[in-house]
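Engineer: kindly generate the corresponding structure for this input.
(2 chains)
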Amino acid sequence: MRAPLDRSLAQAAVLFALLAVALVIFAVTAADVQAAPFGAPSSTAGAMSQPGVLAWIFAKQSEFYRSLSGVIRASKDDGTAMWGLLGISLLYGVFHAVGPGHGKAVISSYLVANAETWRRGVILSFVSAALQSVVAVLIVAVAALALGATAKAIGATVHVVEIVSYGLVILIGLRLFVVKGRSFLGACLARQGRPQALALSMPSPGRIGLFQRYDRGTAACGECAAGGGHSHGFRCHGDHDHDSAWGHAHGPEPAELAGTGGWRRGLSAVIAVGLRPCSGAIIVLIFALAQDLFWTGVGATFVMGLGTAMTVAAIATIAVMVRESASRLANAGSGPGLLMMRAIETGASVLVVVLGALLLAGYMASEQLWMFTG
Amino acid sequence: MTRIRSYLFAMLAWSAFPIAAAEAHPHVWVTLRTEILYAADGRVTGVRHAWTFDDMFSAYALQGTAHARKGQYTREELAPLAQINVESLKEYDYFTYARADGRKLKFVGPVDYWLEYRNPALVLHFTLPLQTPATPKAMQVEVYDPSIFVDFAFAKDEPVSLSGAPPQCGARIDLPHQPTAAEQARLSQLDVTPLDASSTYGEMFANKMLVTCP
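Structural biologist: Below is the predicted model of the structure:
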């Protein structure tokens, strides 16, 4: 009994370490101003510094971006050029999102911390990308089109939106940390041996199906109760409460995803990620506006968002799959495995906070526009 | 079990792959043309830049700039924007780094700056005088953005020229070079140990101008 348990634990530990590394890479990447040399596209620098596929990806990204202006112009006289524009916008979005961006990192960490499903990850990716496009269009429509604001004013607006967005990321992380830290603590205390507490909080019959998916019925709640005693007993239910903004569903039904409670849970992540518009989109929109092709720019922006969402969704799906596999390996229903999963979730929540703090402090930035325009 | 594990490892490796190598997204491309300025006595007094922005960033920068005729901007109409340009560039040391015979040269704030609109691109002209004029045998001027938000590239024709130089002086350019073994090693560490703002790593990708006056 003892030996196989240890082995699966060791495997889970390895996976956890790998997951942590992957998440840290997400984080650093979002930061990564520096590896930018890869992006130096016009000279030979870009191609030489990266082997094969990556160099190609980064070179392509710049190539797509830079060809946007040509196709936008062409679409003025030539209706068919529109298709080229949309195609290039989509590709740019897909390639662009491979590079650093806080969206991908925040969504992935959020999904891991919250033990969300891949389906939700995909939906979050697409909704936040759509929101990002809407924000870009709104900023340009109001500031540039309606008010005739200067680049400096628009840059300042984007900057404010950015700060709010990063602040929200921190808040989401803190919230997650409190919730996940508590369940971790609960699981931890339970490990120190009060199994009788398991009986304290059998889930209500209606929920059994959901709980059994991961927690084999009682473990999570039992440990929560064990850790928190009577006064914290409600956290058990709070933790799994599908009406609360932060409970975690272990496999929601499709109908649930669309329900109010289901949407609300991801909403703050969507807003935090989607609020900050992509500089590329702002520039494309203003360029299109200057050519009297504002609506063309709007179309390109949304298609770019679609491309971004595809990449982010793919990465988010991988994060979720890895987490689920770790959970399976750790035999998450059992005490030590559960503890490990709680540790992973807590770690991911810390990562969200750190990401937000680094972004807010300006240590991390993936794009900047004010070198020339203030 | 082993199969599951190797599957997971493969998945992880794959998921880490696209993210491991990151980049900033340059959204500004500058085509670079630079004149090295000499005084009558043969001393180098400064550099004069003409930076042409890509058309999309030009449109962005021009947004909201009042102008009398559609599609045209006069130097006067662009004067406030030129002012903002050079003021903003101060924080970035004008992306210009010079050495004379190995010593760092200091520039004072820009003079004679203006913007020119050559449809569809904006051209920023400005002169950076040296704090102390120098008479180096070998001088190196580099233009780059250490954080690579701006992508600088030399103009194809006459990227660097000498203005009023003694006849024996000559200039050439050095394109961004192949990374050395040490640089390559540092490169592979970027995702683990990122560079900070004070890093000179971007220098590797700099556009170097070499002026020699034997």
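
Engineer: where does chain B dip in pLDDT?
Structural biologist: Within chain B, the ranges that satisfy pLDDT under 70 run B:1-25, B:176-205.

Engineer: now do the strands in it.
Structural biologist: Along chain B, counting by DSSP state E, strands occupy B:28-38, B:44-53, B:96-100, B:103-105, B:111-118, B:121-134, B:138-143, B:150-154, B:160-163, B:170-174, B:207-212.

Engineer: can you redo the ones you listed as TSV with mean neighbour count and distance to chain A?
Structural biologist: Every residue, glycine included, has its C-beta placed from N, CA and C. Supplementary listing: these in TSV, determined by neighbours: other CB atoms under 10 Å in any protein chain shown; distance: least, CB to the nearest CB, whole Å:
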stretch	mean neighbour count	distance to chain A
strand B:28-38	21	6
strand B:44-53	22	8
strand B:96-100	19	13
strand B:103-105	14	22
strand B:111-118	17	10
strand B:121-134	18	8
strand B:138-143	21	12
strand B:150-154	23	5
strand B:160-163	16	15
strand B:170-174	14	11
strand B:207-212	19	8
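
Engineer: dump the ones you listed to CSV, plus distance to residue B:78.
Structural biologist: Formatted as CSV, the entries for these read as follows, by distance: least, CB to CB, whole Å:
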stretch, distance to residue B:78
strand B:28-38, 17
strand B:44-53, 12
strand B:96-100, 21
strand B:103-105, 29
strand B:111-118, 4
strand B:121-134, 8
strand B:138-143, 22
strand B:150-154, 19
strand B:160-163, 24
strand B:170-174, 29
strand B:207-212, 25
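
Engineer: now the stretch 151-300 of chain A, which segments are flagged as low pLDDT?
Structural biologist: Counting by pLDDT under 70, the stretch 151-300 of chain A has low-confidence residues at A:193-265.

Engineer: who in it is up against chain B?
Structural biologist: If contacts are counted using CB under 8 Å from any CB of the partner chain, the residues of the stretch 151-300 of chain A sitting beside chain B are A:151-154, A:279-280, A:282-284, A:286-287, A:289-291.

Engineer: can we see that at 10 Å?
Structural biologist: Where the stretch 151-300 of chain A comes near chain B, counting by CB under 10 Å from any CB of the partner chain, the residues are A:151-155, A:278-280, A:282-292.

Engineer: and residue A:327, backbone torsions?
Structural biologist: Summarising the backbone geometry of residue A:327 under the convention degrees, to the nearest 10, its torsions are phi -60, psi -40.

Engineer: what distance do you get for it to residue A:339?
Structural biologist: When distances are taken as CB to CB, to the nearest Å, residue A:327 and residue A:339 turn out to be 12 Å apart.

Engineer: and residue A:362, helix, strand or coil?
Structural biologist: Under the three-state scheme (DSSP: H, G, I helix; E, B strand; the rest coil), the conformation of residue A:362 reads as coil.

Engineer: wait, isn't it in contact with residue A:370?
Structural biologist: No. Counting by CB atoms under 10 Å, no contact exists between residue A:362 and residue A:370, whose distance comes to 11.8 Å.

Engineer: neighbour count winner among the two?
Structural biologist: Relative neighbour count places residue A:370 above the other of residue A:362 and residue A:370, with 17 against 12, counting by other CB atoms under 10 Å in any protein chain shown.

Engineer: need the contact list for that one.
Structural biologist: Under the criterion of CB atoms under 10 Å, 6 or more residues apart in numbering or on different chains, the contact partners of residue A:370 comprise A:151, A:152, A:155, A:156, A:158, A:159, A:279, B:84, B:88, B:91, B:149.

Engineer: what do you get for residue B:55?
Structural biologist: Here residue B:55 is in contact with A:66, A:69-70, A:72-73, A:287, A:290-291, B:29, B:119-122 (CB under 10 Å, 6+ apart).

Engineer: same question for residue B:67.
Structural biologist: Contacts for residue B:67 (CB under 10 Å, 6+ apart) come out as B:73, B:74, B:76, B:77, B:78, B:117.

Engineer: follow-up on the earlier one: so for residue A:315, which of the strands of chain B sits nearest?
Structural biologist: Each of those has some distance to residue A:315 by CB to CB; the shortest is strand B:150-154, at 25.7 Å.

Engineer: which strands and helices lie in contact with that closest one?
Structural biologist: In this structure, strand B:150-154 packs against helix A:44-49, strand B:28-38, strand B:44-53, strand B:138-143, strand B:207-212, with contacts taken as 3 or more CB pairs under 10 Å, 6 or more residues apart in numbering or on different chains; DSSP states H and E.

Engineer: which segments of chain A make up each domain?
Structural biologist: Taking automatic domain parsing as the reference, chain A has its domains at A:2-31+A:102-373, A:36-99.

Engineer: next, the contact list for residue 89, please.
Structural biologist: Answering for chain A, as no chain was given. For residue A:89, the residues meeting the contact criterion (CB under 10 Å, 6+ apart) are A:64-65, A:68, A:71-72, A:280-281, A:284, A:297, A:299-307.

Engineer: should've been chain B
Structural biologist: Listed by CB under 10 Å, 6+ apart, the contact partners of residue B:89 are A:371-372, A:374, B:49, B:51, B:95-96, B:109-110, B:113, B:124, B:126, B:128.

Engineer: in TSV: the residues you listed, plus distance to residue A:165.
Structural biologist: Formatted as TSV, these follow (distance: CB to CB, whole Å):
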residue	distance to residue A:165
A:371	21
A:372	23
A:374	21
B:49	35
B:51	31
B:95	28
B:96	33
B:109	35
B:110	34
B:113	34
B:124	31
B:126	34
B:128	36
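
Engineer: now, which of those residues sits nearest residue B:42?
Structural biologist: Minimum separation from residue B:42 among those (CB to CB) is found for residue B:128, which lies at 19.2 Å.

Engineer: how many residues are close by the residue lying closest to that closest one once chain neighbours are set aside?
Structural biologist: When the adjacent residues along the chain are set aside, residue B:128 lies closest to residue B:107, with 4.3 Å between them (CB to CB, 6 or more residues apart in numbering or on different chains). By the criterion of other CB under 10 Å, residue B:107 has 17 neighbours.

Engineer: what sits opposite residue B:107 in the beta ladder?
Structural biologist: Taking DSSP bridges as the rule, residue B:107 bridges to residue B:130.

Engineer: my read is that it contacts residue B:44, right?
Structural biologist: No. Residue B:107 is beyond contact range of residue B:44, at 11.4 Å (criterion: CB under 10 Å).
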